[in-house]
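Asks: After the sequence you'll find the predicted model.
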Amino acid sequence: AVYWLGLFFLYPFICVTIMLALRFLLQLKSWHETTLGNEGAEGDPVVSNSSAALLPAAAALVGFVSSLLGLGGGELMVPLLLEIGCLPRVAAATS
């Protein structure tokens, strides 16, 4: 019973983590707009309101799928990072 209770309380933790990541991405977007104008630095992904909600959820999904398949996260995370606009060098270094 303790195992299932611990597993149940893991999901609110994941939701709070995704919301914090969303808040961080929106603050990063705001910082870029105030310090760099409307352009971000070269290789930074373009973060809109919809992508700011989608990116943390996609990263959580990649982590979940890679853990089910027994893979490291890099096999699935690098294509995701390339899709959102990261430079290949940055995506490879991140994995």
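Replies: Happy to help now that I have it.

Asks: How about A92, nearest residue that isn't a chain neighbour?
Replies: With CB to CB, 6 or more residues apart in numbering as the criterion, A92 has its nearest non-adjacent residue at 6.5 Å, and that residue is V78. C-beta coordinates here come from the backbone N, C-alpha and C atoms, glycine included.

Asks: Could you say which helix or strand holds that neighbour?
Replies: V78 is part of helix 74-83 when elements are defined by DSSP states H and E.

Asks: before we move on, the earlier item: hang on, the residue nearest to A92 packs against A91?
Replies: Yes: using CB atoms under 8 Å, V78 is in contact with A91, at 4.8 Å.

Asks: Need the pLDDT of V16.
Replies: What the model reports for V16 is a pLDDT of 90.

Asks: Distance from the helix or strand hosting I18 to the middle of the chain?
Replies: Using DSSP H and E, I18 falls within helix 2-36. Remark: helix 2-36 is offset 9 Å from the chain centroid, using CA atoms, centre = their mean, to the nearest Å.

Asks: Follow the chain on from it and name the next helix or strand.
Replies: Counting by DSSP H and E, the next helix or strand C-terminal to helix 2-36 is helix 49-69.

Asks: If we go by neighbour counts, what in that next one is buried?
Replies: Residues of helix 49-69 classed as buried by neighbour count (16 or more other CB atoms under 10 Å): A52, A53, L55, P56, A58, A59, V62, S66.

Asks: what is the mean pLDDT for it?
Replies: 81.

Asks: residue nearest the centroid of the chain?
Replies: P56 (3.6 Å; CA atoms, centre = their mean).

Asks: R23 is in contact with that one, correct?
Replies: No: counting by CB under 8 Å, R23 is not a contact partner of P56; they are 9.9 Å apart.

Asks: Pull the residues that contact stretch 88-95.
Replies: Residues outside stretch 88-95 that contact it (CB atoms under 8 Å, 6 or more residues apart in numbering): G43, G72, G73, G74, M77, V78, L81, L82, C86.

Asks: Right, I'll call it a day here.
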